[in-house]
Every structure is written in C-alpha cells, then in structure tokens.
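[1] Model the structure of this input:
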Amino acid sequence: GIESLTVFYGTVRDYIDPHYAKDSYYKQSSGKENCFFSIIHGKIHRNKELLSDENSIAKGMKKMKKYLKTPRVLRRATLLAMLPVFFLAGCGQKTECEKSIDTAMGTVISQTVYVTGNSATTTNSKINEKITDVLLQKLNDLEQKELSWRLESAEVARINAAAGEGQNSVSPAMAEWLGRCRQISEESAGAFDVSIGRLSRLWDIDTWAAAGDSGDYELPRQEEIAEALATTGWQKIQLEQQADGDSVSIPAEMQLDLGAVGKGVALDEILKTLEAHPEVSGAVISVGGSILTYGSKPEGGAWQIAVTDPLDPSESVGVLTLDGGHCVSTSGDYERYVEVDGVRYHHILDPRTGSPAHSDVAGVTIVTKDGFLSDALSTACFVLGQEEGQQLLEKYDAEGLFIDHEGTITMTEGMRQYFHLSNSQK
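    Coordinates of the predicted model:
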C-alpha cells in the first residue's frame with residue numbers, strides 16, 4: 001500500500017492562526033487500508049475505505065467528497081469512532097508504530113514512525129517519550145526560535161527588526177541557510193529570493209485564500225508593487241564571518257521571509273533527530289506536503305509517494321517509489337489563490353516582477369536527499385518553468401517532474417527511476 005501521499009502543491013496553512021485556515025485534501029494510508037483526511041478550516045475529517053491497490057485512490061477521494069457533504073455532527077461522530085483504527089492499523093506485531101497528525105510551523109504535520117525499541121536519546125535522555133512528540137517539539141522550536149517572521153522570539157523576526165542598523169549576530173545555522181539562499185538566488189538568476197517579505201505581505205494571498213472568499217479582494221496597485229519590489233534583492237543580504245561569530249545585515253525596509261525553505265529546513269532537522277534515535281527503524285513524515293522518507297518499512301519494500309495532478313487535485317498522476325533518505329517537495333499554482341474578474345492570482349511570487357509567477361508549468365515535484373534544496377528548488381523551478389528549471393536542477397544533481405497546463409509531464413532523466421504513471425495516465 002501507499003504509505004504517504006503528497007496531495008497538493010504548496011501547504012495547508014496553520015489552523016492555529018485563523019488567518020491561515022485552508023481547505024485542502026490530505027491522504028495517508030497504512031498497509032492495505034487507505035485513510036483519507038480533509039483539513040477543513042482547522043478540523044480533521046476522515047473517511048475510511050479498504051482499498052486493494054494504488055489505483056483506487058481516485059475512488060476513495062470521490063467517497064471523501066461525498067462524506068464531506070454529510071451533516072457536521074455525523075462527520076464528527078464518524079471521526080471519533082475511527083480514530084482508534086487510524087492509530088493502530090498497519091503497525092506490525094514486532095515493531096511499534098507511532099502515528100500522529102498535528103500542526104506546527106504554520107502547516108499540517110503527519111508522522112508515521114516505526115520503532116523497534118526504547119532507548120535514551122541524545123536530545124532529551126527520556127526513555128519512553130514518543131518520537132512523534134520529540135519531532136513535533138523540534139518543529140515548534142524551529143519556528144519559534146529561528147524561522148518565523150511574525151514571532152519576536154525568532155531569529156528571522158529579529159533580523160527584520162534590525163533592518164538598516166548594520167551587522168547583527170546570527171546563529172551558525174541561520175548563516176548557513178541565508179548563504180545557501182543567496183547561492184540559489186544567484187544560480188536561478190533571481191527566480192528564488194527570500195528578501196520578498198514586503199511583497200508577500202502586500203499581496204497577502206495566503207489570508208484571502210484561507211478565507212475562501214476573494215470577492216472583496218483588491219489587487220495591489222502597480223505603484224505599490226514597484227515600491228515593495230524596490231526593497232528586495234538577494235544581493236543586498238550581507239553575510240560576514242568573523243572570529244567572534246557570524247553576522248548579517250539587510251537594508252532598511254527589506255524584510256526576509258524564509259517560507260520558501262522552511263519546510264525543507266524542517267525535513268533536514270527531522271532527519272538529524274531521527275538519526276539520534278537508534279530505536280527508529282523507519283519513518284515517513286510530511287511537513288505541509290514536503291515528504292521525508294527514512295529507513296525502511298517493517299515489511300520491506302520501498303516507500304511510495306503519490307504525485308497529485310495539479311489540474312485535478314482529486315487525482316494522482318503517478319507514484320514515486322523511493323528508498324529511505326529522500327526528500328520530496330512540490331510547488332504549484334492551484335493550492336492557494338484568489339480570483340479577480342475571472343483571473344487566478346496564486347501565492348508563488350516572481351521576485352523579478354513582484355507579481356504571481358507566470359510560467360509554462362502548473363506543478364513541479366522535486367526529489368533530492370536534501371530537504372532545504374528540495375524546497376527551494378521546487379519554488380525556483382516553478383517560477384523558471386520547465387526548460388530553465390531543468391537546467392537549474394542539473395547544477396544541483398536534483399531530479400524533477402514538471403506538469404504543464406495541458407497536463408503534459410516532463411521529467412529529468414534521473415526521475416524516471418522513481419516515477420511511475422498511474423493507470424489513468426497511461
């Protein structure tokens with residue numbers, strides 16, 4: 001059975017913050033039992049259907065849609081009745097299986113972790129603490145201490161608050177992340193840029209898309225876009241390495257937003273934590289749709305990750321078959337958007353124009369063994385389009401799959417060893 005499925009391009013935003021409640025489908029399965037979830041304005045709904053193979057996904061999703069039309073009271077009763085099955089199904093007799101669905105870092109976190117025993121960890125020295133709880137705390141710490149531009153306690157927020165004030169000390173991790181961001185910005189000719197914080201706030205598509213009604217949305221005026229665009233520029237992010245530590249400076253008015261690499265950073269940190277837990281034999285973990293495979297399944301065989309059709313999110317175009325140690329990230333134009341006068345404006349901005357990106361692809365899926373790269377490259381390749389995107393991937397020895405607006409699939413040569421079309425696409 002398919003262990004974990006990507007089902008959207010982009011993220012399901014944090015339902016702790018009402019601004020980021022967002023409708024989106026999420027799927028996960030255990031063995032032969034596929035469990036379908038829908039994150040609807042912060043509530044997890046579930047429809048269970050026994051499926052014998054991967055090609056039954058579409059049938060299950062149709063049942064999910066029918067299920068969501070039932071009264072809310074009945075849906076909640078169904079969810080409560082099925083939760084014990086969700087947490088127990090598919091776990092082997094000899095290997096314990098920990099599962100959880102929660103939120104952190106502004107997105108939905110799904111974890112399936114196989115544990116072969118208990119041992120004190122290098123991170124907390126607690127014997128019987130669930131690894132899923134350890135990982136969730138790691139992600140919360142990452143958001144609160146490092147990546148958030150909203151929380152004053154986070155390093156990114158402190159850098160933004162000190163814009164125009166010269167060099168400010170940063171952690172070695174932050175210096176590394178910003179250095180890698182600058183490199184990808186240069187290699188992509190500016191198609192990727194974390195200095196677009198003011199542009200993101202100006203368009204504010206996340207908030208409006210979460211509300212589900214863009215009727216009153218007002219497009220930014222061209223002069224507003226030009227003003228915000230003038231505050232961006234990856235070249236203006238100055239990093240210095242000195243004997244007493246690393247520091248960074250950004251110009252006045254510039255605001256950083258590491259959302260384009262946040263999920264990838266999370267996957268890398270999760271991997272480090274899993275490696276510090278010798279009792280973990282395998283795991284598949286989704287951070288807002290970015291997937292990490294780790295180790296192996298108890299029954300053997302590769303991990304399988306379904307790739308959603310961006311033209312019809314209820315369908316998958318195929319499946320990635322991956323060993324442990326891979327990261328999968330996606331970007332696309334349909335998951336968060338507003339419509340004005342019949343025109344769709346999605347959330348992925350082109351740093352070169354200051355407006356939603358226009359390229360020849362509707363969705364991009366990237367496979368690497370580096371979470372940071374998979375996340376950053378998926379954004380850059382979506383902005384660049386298929387031809388320039390593939391050229392960028394060659395520089396990083398990464399694999400990619402591109403789906404254009406007609407549904408045509410193009411992929412790198414190396415991706416062919418991982419990707420297999422679903423029957424409906426053959």
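[2] Quick check: residue 400 vs residue 319, distance?
    Applying Cβ to Cβ, to the nearest Å, the value for residue 400 to residue 319 is 16 Å. Where you see a C-beta, it was placed from the backbone N, CA and C, and this is true even at glycine.
[3] Could you list the low-pLDDT ranges of the protein?
    Scanning the chain for pLDDT under 70 picks out the ranges 1-93, 117-128, 207-214, 423-426.
[4] How much space separates residue 115 from residue 155?
    Residue 115 is 32 Å from residue 155, by Cβ to Cβ.
[5] Which one's more surrounded, those two?
    residue 155 (23 against 20; other Cβ atoms under 10 Å).
[6] Might one say that that one is in contact with residue 145?
    Yes - between residue 155 and residue 145 a contact is recorded at 6.8 Å, counting by Cβ atoms under 8 Å.
[7] Residues that sit against both of the two, list them.
    Shared contacts of residue 155 and residue 145 (Cβ atoms under 8 Å, 6 or more residues apart in numbering): none.
[8] all strands for the stretch 51-200 of the chain, in order.
    Taking DSSP state E, counting those that start in this stretch, the strands of the stretch 51-200 of the chain run over residues 96-104, 107-115, 168-170.
[9] Please work out which of those is packed deepest.
    strand 107-115 (a mean of 23; mean count of other Cβ atoms under 10 Å).
[10] what's the angle between that one and strand 96-104?
    Angle of strand 107-115 versus strand 96-104, following axes from the mean of the first three to the mean of the last three Cα atoms, to 10 degrees, is 170 degrees.
[11] which helices and strands does strand 107-115 pack with?
    strand 24-30, strand 96-104, helix 131-142, strand 280-287 (3 or more Cβ pairs under 8 Å, 6 or more residues apart in numbering; DSSP states H and E).
[12] Of those, which is nearest residue 258?
    helix 131-142 (10.6 Å; Cβ to Cβ).
[13] Tally up the residues packed near the nearest residue to residue 321 once chain neighbours are set aside, please.
    Leaving aside its sequence neighbours, residue 321 sits nearest to residue 302 (Cβ to Cβ, 6 or more residues apart in numbering; 4.7 Å). By other Cβ under 10 Å, 16 other residues sit near residue 302.
[14] Pull up the gap between residue 302 and residue 274, please.
    18 Å.
[15] Could you do residue 220 as well?
    Distance from residue 220 to residue 274, by Cβ to Cβ: 42 Å.
[16] Kindly report the same for residue 143.
    19 Å.
[17] Can you lay out the strands of the stretch 51-200 of the chain as TSV showing distance to residue 326?
    As requested, the strands of the stretch 51-200 of the chain are exported to TSV (distance: least, Cβ to Cβ, whole Å):
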stretch	distance to residue 326
strand 96-104	20
strand 107-115	15
strand 168-170	30
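[18] among the ones you listed, which is nearest residue 203?
    Distance to residue 203, taken as Cβ to Cβ, is lowest for strand 107-115 among the strands of the stretch 51-200 of the chain, at 19.2 Å.
[19] contacts for stretch 391-404?
    187-188, 307, 309-311, 317, 360-368, 373-374, 377, 380-381, 384, 386, 389-390, 409-412, 414-415, 418-419.
[20] Mind checking which of residue 400 and residue 319 has more residues around it?
    Set residue 400 next to residue 319 and count neighbours by other Cβ under 10 Å: residue 400 wins out with 27 against 20.
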